[in-house]
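[1] no sequence on this one, just coordinates:
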């Protein structure tokens, strides 16, 4: 749901052919609008969203593989190795300052939201009848957007941060069907790994006192 003062700051830079950096303007104006941006249960809601994404990521990746067919199912390790795909660095851990964790999370999920939009667009073109996969991609994107909105609130409310430098991944536009499938496979495999790490790091910071 939308928040007062929040703009759609995660621009889906899907026309870019290389990883690009940008500055996400979290809210309009020269600063944060105050506590009106946040819901009373924003911290608990954020915790639940991260836990949900972590719980559903492995199944999303498995379903994606199944829908791409061969050779992705039999050569997963080779074709879906995420080493060659750009992903924002995630260097925080449980002992990191809460502010540092929140900024890192924002950067991560801004990237993931754009990447999920890219993958969903490709799958609508390549596998238009794969209803379960498309539904899961849409639901994951919806959860990610809600999480970004909540992180925006927490960054503004707690730290008066209203701009964050973010990076977006490489677009698959203009690539072959195989390359589109492979890029999606690489990103989703990395997503499974990183969301598990993110949950381990973030959830203790959001647990009730």
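    That came through, no problem. What you see is a predicted model; the values in this text were computed from it and never measured.

[2] quick check: buried residues in stretch 93-106?
    Of the residues in stretch 93-106, 101-106 count as buried by neighbour count, 16 or more other Cβ atoms under 10 Å. Yep, even glycine has a C-beta here, placed from its N, CA and C like the rest.

[3] dump those residues to TSV, plus distance to residue 73 and pLDDT.
    Shown next, in TSV, are these (distance: Cβ to Cβ, whole Å; pLDDT from 0 to 100):
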residue	distance to residue 73	pLDDT
101	36	91
102	38	90
103	38	92
104	33	92
105	32	92
106	34	93
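
[4] closest one to residue 195 out of these, please.
    Taking Cβ to Cβ as the measure, residue 195 lies nearest residue 105 of those, at 10.6 Å.

[5] how about the closest one, phi and psi?
    phi -60, psi -40 (degrees, to the nearest 10).

[6] pretty sure it sits against residue 202.
    Yes. Assessed by Cβ atoms under 8 Å, residue 105 is found in contact with residue 202 at 5.8 Å.

[7] would you mind giving the buried residues of stretch 93-106 as JSON lines with distance to residue 154 added?
    Below are these laid out as JSON lines (distance: Cβ to Cβ, whole Å):
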{"residue": "101", "distance to residue 154": "10"}
{"residue": "102", "distance to residue 154": "6"}
{"residue": "103", "distance to residue 154": "10"}
{"residue": "104", "distance to residue 154": "13"}
{"residue": "105", "distance to residue 154": "9"}
{"residue": "106", "distance to residue 154": "9"}
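
[8] give me the most central residue, this structure.
    residue 112 (2.5 Å; Cα atoms, centre = their mean).

[9] model confidence for that residue, exactly?
    Reported pLDDT at residue 112 in the predicted model: 94.

[10] need the three-state assignment for it.
    helix (DSSP: H, G, I helix; E, B strand; the rest coil).

[11] how about it, what does it touch?
    Contacts for residue 112 (Cβ atoms under 8 Å, 6 or more residues apart in numbering) come out as 144, 191.

[12] which elements pack onto the host helix or strand of residue 78?
    Using DSSP states H and E, residue 78 sits within helix 76-79. For helix 76-79, the packing partners by 3 or more Cβ pairs under 8 Å, 6 or more residues apart in numbering; DSSP states H and E come out as helix 177-206.

[13] what comes up buried for the helix it packs on?
    Buried, per 16+ other Cβ under 10 Å, within helix 177-206: 180-192, 194-195, 198-199, 201-203, 205-206.

[14] so in the chain, where's the weakest helix or strand by average pLDDT?
    Least confident element among the helices and strands of the chain, by mean pLDDT, DSSP states H and E: strand 20-25 (a mean of 48).

[15] which secondary structure elements does the following helix or strand past that strand sit against?
    Scanning forward in sequence from strand 20-25 by DSSP H and E, the next helix or strand is helix 42-68. With contacts taken as 3+ Cβ pairs under 8 Å, 6+ apart, helix 42-68 sits against helix 98-126, helix 131-159, helix 177-206.

[16] which among those is found nearest to residue 71?
    Between residue 71 and these, the tightest spacing by Cβ to Cβ is seen for helix 177-206, at 9.3 Å.

[17] for that closest one, packing partners?
    Partner elements for helix 177-206 (3+ Cβ pairs under 8 Å, 6+ apart): helix 42-68, helix 76-79, helix 98-126.
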